[in-house]
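Student: predicted model follows, preceded by the sequence.
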Amino acid sequence: MRRVYMSFLERSGWWCEFLEEDLKTPLPKKLAVASRDKILEMARRGSSELNLEQEQALHHAFQIGRGGVWLNLTEEQYDRLKSK
């Protein structure tokens with residue numbers, strides 16, 4: 001498993017960027033999604049640790065228009081983020 005930080009920002013939809021675990025190295029793949037539901041789905045899929053408190057923090061981030069979450073990715077998922 002690879003640990004990756006996904007940050008998101010609302011700008012005519014939601015823009016997602018990914019950083020390596022060092023929080024300095026960006027991964028080349030960027031995503032644009034139409035709804036916050038897709039971000040929540042990615043967070044649920046990628047985080048074995050997503051509890052009620054973290055889910056509430058995500059909803060607060062949606063209200064203010066920006067936030068982030070740690071994801072635990074398989075090697076295949078990580079490889080997809082490494083490619084453009």
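Tutor: Looks like it came in fine.
Student: so which elements touch the lengthiest helix in the chain?
Tutor: Determined from DSSP state H, the single longest helix within the chain is helix 52-64. Contact analysis of helix 52-64 by 3 or more CB pairs under 8 Å, 6 or more residues apart in numbering; DSSP states H and E lists helix 36-46, strand 66-73 as its packing neighbours. Heads up, the C-betas are built off the backbone N, CA and C, glycines and all.
Student: mind putting the ones you listed into CSV with mean pLDDT and distance to residue 55?
Tutor: Compiled in CSV, the helices and strands packed on helix 52-64 are given as follows (pLDDT from 0 to 100; distance: least, CB to CB, whole Å):
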stretch, mean pLDDT, distance to residue 55
helix 36-46, 90, 8
strand 66-73, 94, 10
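Student: next, format the ones you listed as CSV and append distance to residue 7 and mean neighbour count.
Tutor: Putting those into CSV (distance: least, CB to CB, whole Å; neighbours: other CB atoms under 10 Å) gives the following:
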stretch, distance to residue 7, mean neighbour count
helix 36-46, 10, 16
strand 66-73, 4, 18
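Student: tell me how far the longest helix of the chain lies from the chain's centre.
Tutor: Here the centre of helix 52-64 is set off from its chain's centre by 13 Å, with CA atoms, centre = their mean, to the nearest Å.
Student: need the residues that contact it.
Tutor: Here helix 52-64 makes contact (CB atoms under 8 Å, 6 or more residues apart in numbering) with 8, 10, 36, 39-40, 43, 47, 67-69.
Student: lowest-pLDDT helix or strand in this protein?
Tutor: For the chain, scoring each helix and strand by mean pLDDT, DSSP states H and E identifies helix 36-46 as the least confident one, at a mean of 90.
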